[in-house]
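Colleague: Following is a predicted model, sequence given first.
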Amino acid sequence: MVKVLDLHFQGAERVIASFLLKTPQGPVLIETGPESTYPQLVAALRAEGVEPEAVRHVFVTHIHLDHAGAAWRLAELGATVYVHPRGAPHLVDPSKLLASAERIYGHLLKPLWGELRGIPPERVRVLEDGERVDLGEVQVQALETLGHASHHHAYLVEGLLFAGDIAGVRIAPGPVLPPTPPPDIHLESWYASLDRLLALRPEALYLTHFGPYGDVEAHLLALRQVLEDWAGWTLGRLREGLDLEAMTPRFEAYWREGLRRAGVEEAGMRLYELADPPYMNLQGLVRYWQKHHPERLREG
Ligand SMILES: [Zn+2]
């Protein structure tokens with residue numbers, strides 16, 4: 001029922017996925033990828049015998065550009081875009097999102113992520129936690145799963161969990177790593193989301209970065225472990241008084257060593273870097289500690 005569409009982000013395989021479900025109500029997409037890979041999305045749909053105009057329902061896990069950047073393109077063709085309540089205003093008016101992306105990416109914004117336009121409000125449908133969308137014989141249920149972003153849903157479809165970024169990044173045969181970019185990282189929420197997914201016991205996790213995994217429990221526990229490790233590492237360096245600039249090369253070396261120990265070679269590291277850049281992970285974790293636990297920075 002599920003087709004994993006590889007969007008060949010930056011010419012690479014297995015970095016960003018979109019998922020096609022064929023339902024009695026026609027083709028449905030979960031995740032759109034960025035606008036920069038929209039031509040690849042269209043090509044991948046056509047390879048499945050689906051014209052982009054035929055897609056009436058598009059679910060995005062959150063509004064980060066690698067997940068929802070092309071949603072406006074499909075809305076322009078008549079699709080309804082389903083999103084978390086806090087994500088919806090930014091789909092309608094992406095100016096704030098764009099400004100913050102510009103601060104991060106500068107002149108690389110457009111080459112990396114493409115163009116971003118607003119979606120007419122009547123094409124955006126907000127989904128509350130637990131809400132189900134009935135698509136004939138198929139139901140899609142939204143599960144609020146915060147921690148990576150403050151506007152994140154995972155989607156449960158027939159026991160399969162489309163996890164967005166909450167279940168991490170794993171590019172087989174490599175390990176699972178958490179995407180922890182600024183500004184929303186909140187570890188307590190993330191751990192609660194992982195507990196929720198563990199209790200749910202889905203049959204498989206479909207990761208946007210990248211693809212399906214059946215070893216759900218081991219995967220989620222491993223992710224929690226890496227989150228704790230990275231957060232602890234970052235707190236340790238902050239307590240030593242290091243600033244972000246001094247910390248970055250050290251974190252990159254630590255990141256690289258972790259992947260190397262897990263058996264990932266240079267080419268694989270490049271894919272992880274494209275999907276989940278380590279310097280950005282460090283920025284998000286530093287911000288988390290400074291914003292949510294400033295008292296911990298001063299302890300012995
Ligand atoms: Zn994200």
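Modeller: It's in.
Colleague: buried set for stretch 268-284?
Modeller: 268-269, 271-276, 278, 281-284 (16 or more other C-beta atoms under 10 Å). Yep, even glycine has a C-beta here, placed from its N, CA and C like the rest.
Colleague: Please convert those to CSV, extending it with distance to L74, pLDDT and secondary structure.
Modeller: What follows is those, written out as CSV (distance: C-beta to C-beta, whole Å; pLDDT from 0 to 100; DSSP: H, G, I helix; E, B strand; the rest coil):
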residue, distance to L74, pLDDT, secondary structure
G268, 31, 97, helix
M269, 32, 97, helix
L271, 26, 97, helix
Y272, 28, 97, helix
E273, 28, 96, helix
L274, 23, 95, helix
A275, 22, 95, helix
D276, 25, 93, coil
P278, 32, 97, helix
N281, 30, 97, helix
L282, 34, 98, helix
Q283, 31, 97, helix
G284, 29, 97, helix
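Colleague: any idea which of those is the one closest to T248?
Modeller: Proximity of the buried residues of stretch 268-284 to T248 (C-beta to C-beta) peaks at L282, which lies at 6.0 Å.
Colleague: Distance of the closest one relative to H186?
Modeller: 16 Å (C-beta to C-beta, to the nearest Å).
Colleague: which residue sits closest to the residue of the stretch 51-200 of the chain found nearest the ion in space, ignoring its chain neighbours?
Modeller: Using C-beta to the ion, the single residue of the stretch 51-200 of the chain nearest to the ion is H64, 3.5 Å away. The shortest distance from H64 to any non-neighbouring residue, by C-beta to C-beta, 6 or more residues apart in numbering, is to A149 (6.6 Å).
Colleague: Give me the secondary structure label for that neighbour.
Modeller: Under DSSP: H, G, I helix; E, B strand; the rest coil, A149 falls in the coil class.
Colleague: residues contacting it?
Modeller: Applying C-beta atoms under 8 Å, 6 or more residues apart in numbering, we find A149 in contact with H62, I63, H64, D165, D184.
Colleague: any idea how far the fourth one lies from H153?
Modeller: Right, the one you point to is D165. Note on D165: its distance to H153, by C-beta to C-beta, is 11 Å.
Colleague: joint contacts of the two?
Modeller: T61, H62.
Colleague: tell me which element L156 falls in.
Modeller: Assigned by DSSP states H and E, L156 falls within strand 153-157.
Colleague: Could you tell me the angle between the very next helix or strand once past that strand and strand 153-157?
Modeller: Note on strand 153-157: by DSSP H and E, the next helix or strand toward the C-terminus is strand 160-164. Interaxial angle of strand 160-164 relative to strand 153-157 (axes from the mean of the first three to the mean of the last three C-alpha atoms, to 10 degrees): 160 degrees.
Colleague: is any part of strand 160-164 close to the ion?
Modeller: No - using C-beta under 5 Å from the ion, strand 160-164 never reaches the ion; the gap is at least 6.8 Å.
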